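J.: just coords:
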């Protein structure tokens with residue numbers, strides 16, 4: 001459920017526009033999307049060995065059962081508040097969508113979609129490289145509810161109330177999403193539509209010795225969703241031997257991006273013959289001070 005908004009948009013929604021009297025707010029981008037779906041995946045993978053190197057590839061496909069979606073977008077929006085709030089001059093490029101409530105059971109479809117995924121991995125000695133892509137595709141939504149869209153500039157002069165002591169039948173009792181859309185000059189559409197899946201793209205390199213020694217590497221991870229900054233990380237540490245068939249790996253991690261800013265992490269992994277145990281924290285500082293250092297912890 002990504003959401004991205006500038007400070008002026010937050011202040012307008014939560015504190016109103018009185019603070020912007022005789023001033024103009026400019027909102028270049030305000031977007032929100034919430035998608036829910038079920039996913040069935042299948043695929044094929046193959047590994048090819050050549051001496052001390054190994055090449056692996058995988059390909060997969062997914063079928064999606066659409067459940068529901070809420071979406072709104074405001075681009076290049078500006079709002080001028082006249083003195084005493086006499087009128088508002090508004091320019092906007094917007095779209096508002098909400099699908100039918102749907103998919104109450106597995107045999108019930110509120111739409112469907114298809115996606116692809118790929119993976120390429122290469123290992124040579126202690127070095128490992130890889131690139132992956134996931135959820136490349138589209139979701140469709142069956143919809144008989146209205147959605148609203150438009151790109152215009154208007155002057156909004158408020159509501160006219162003829163008798164404040166008799167509100168019955170006044171504009172205050174007739175406010176609805178349709179009347180609001182009409183006041184803003186939005187166009188009304190109806191029918192099915194498609195939305196891009198929240199695709200993931202990633203690449204990595206890591207050096208891990210077979211016995212013991214230094215570990216180092218890094219990578220990049222991004223999601224095709226609004227407000228997601230490419231997540232870039234570097235890692236380093238050391239692998240220690242424990243007896244004949246066991247080892248422990250202690251690593252540190254620095255990163256930037258994703259849904260947060262600077263992140264500092266730490267992890268330790270214990271490998272035995274048939275099992276391993278791993279404990280990690282990708283944003284150690286964010287865990288202790290999430291208000292100042294946001295990020296997944």
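T.: Looks like it came in fine. Since this is a predicted model, take the numbers as computed values, not measurements. Numbering: from 1, shown residues only.
J.: tell me where the stretch 101-250 of the chain has helices.
T.: Secondary structure of the stretch 101-250 of the chain, counting by DSSP state H, counting those that start in this stretch: helices at 177-184.
J.: would you map the strands across it?
T.: 112-124, 127-141, 146-156, 187-190, 193-196, 200-207, 213-223, 229-242, 246-258 (DSSP state E, counting those that start in this stretch).
J.: what residues does the second one touch?
T.: Outside strand 127-141, the residues within contact range by C-beta atoms under 8 Å, 6 or more residues apart in numbering are 35, 37, 62, 64, 66, 68-69, 99, 110-123, 192-208, 217. Quick note: C-beta positions are derived from backbone N, CA and C, even for glycine.
J.: quick one: buried residues of that strand?
T.: Of all the residues in strand 127-141, those buried under the rule 16 or more other C-beta atoms under 10 Å are 128, 130, 132, 134, 135, 136, 137, 139, 140, 141.
J.: and the contacts of the helix or strand harbouring residue 95?
T.: Element membership for residue 95 (DSSP states H and E) is strand 88-98. Here strand 88-98 makes contact (C-beta under 8 Å, 6+ apart) with 17, 69-82, 143, 145, 147-156, 184, 186, 193.
J.: redo that, cut-off 7 Å
T.: With contacts defined as C-beta atoms under 7 Å, 6 or more residues apart in numbering, strand 88-98 is touched by 69-81, 145, 147-156.
J.: from residue 13, how far off is residue 7?
T.: Per C-beta to C-beta, to the nearest Å, residue 7 is found 11 Å from residue 13.
J.: compare those two (neighbour count), which wins?
T.: residue 13 (11 against 8; other C-beta atoms under 10 Å).
J.: now do the same for the more buried one: helix, strand or coil?
T.: Following DSSP: H, G, I helix; E, B strand; the rest coil, the label given to residue 13 is helix.
J.: pLDDT score assigned to it?
T.: pLDDT recorded at residue 13 is 79.
J.: give me the below-cutoff pLDDT ranges for the stretch 151-297 of the chain.
T.: By pLDDT under 70, the low-scoring segments of the stretch 151-297 of the chain are 159-180, 183, 259-260, 290, 292-297.
J.: about what we covered before: now, among the buried residues of strand 127-141, which is nearest to residue 280?
T.: Each of the buried residues of strand 127-141 was checked against residue 280 using C-beta to C-beta; the closest is residue 128, at 17.8 Å.
J.: check the burial of the residue nearest to residue 123 when sequence neighbours are not counted by counting its neighbours.
T.: Leaving aside its sequence neighbours, residue 123 sits nearest to residue 54 (C-beta to C-beta, 6 or more residues apart in numbering; 4.4 Å). With neighbours defined by other C-beta under 10 Å, the count for residue 54 comes to 14.
J.: for residue 54, give its distance to residue 48.
T.: 7 Å.
J.: rewinding a little: what strands line up against the strand holding residue 95, and which way round?
T.: strand 53-81 (antiparallel), strand 146-156 (antiparallel) (DSSP bridges).
J.: how far is stretch 132-149 from where the chain is centred?
T.: 14 Å (C-alpha atoms, centre = their mean, to the nearest Å).
J.: now do stretch 66-76
T.: With C-alpha atoms, centre = their mean as the basis, stretch 66-76 stands 12 Å off its chain's centre.
J.: residues contacting it, please?
T.: Residues contacting stretch 66-76 (C-beta under 7 Å, 6+ apart): 27-38, 92-99, 101-103, 110-113, 139-141, 195.
J.: got a PyMOL select line for the buried ones in the residues you listed?
T.: Listed next is the PyMOL selection for buried residues among those, using 16+ other C-beta under 10 Å:
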select buried, resi 27+30+31+32+33+35+37+92+94+95+96+97+98+99+102+103+110+111+112+113+139+140+141+195
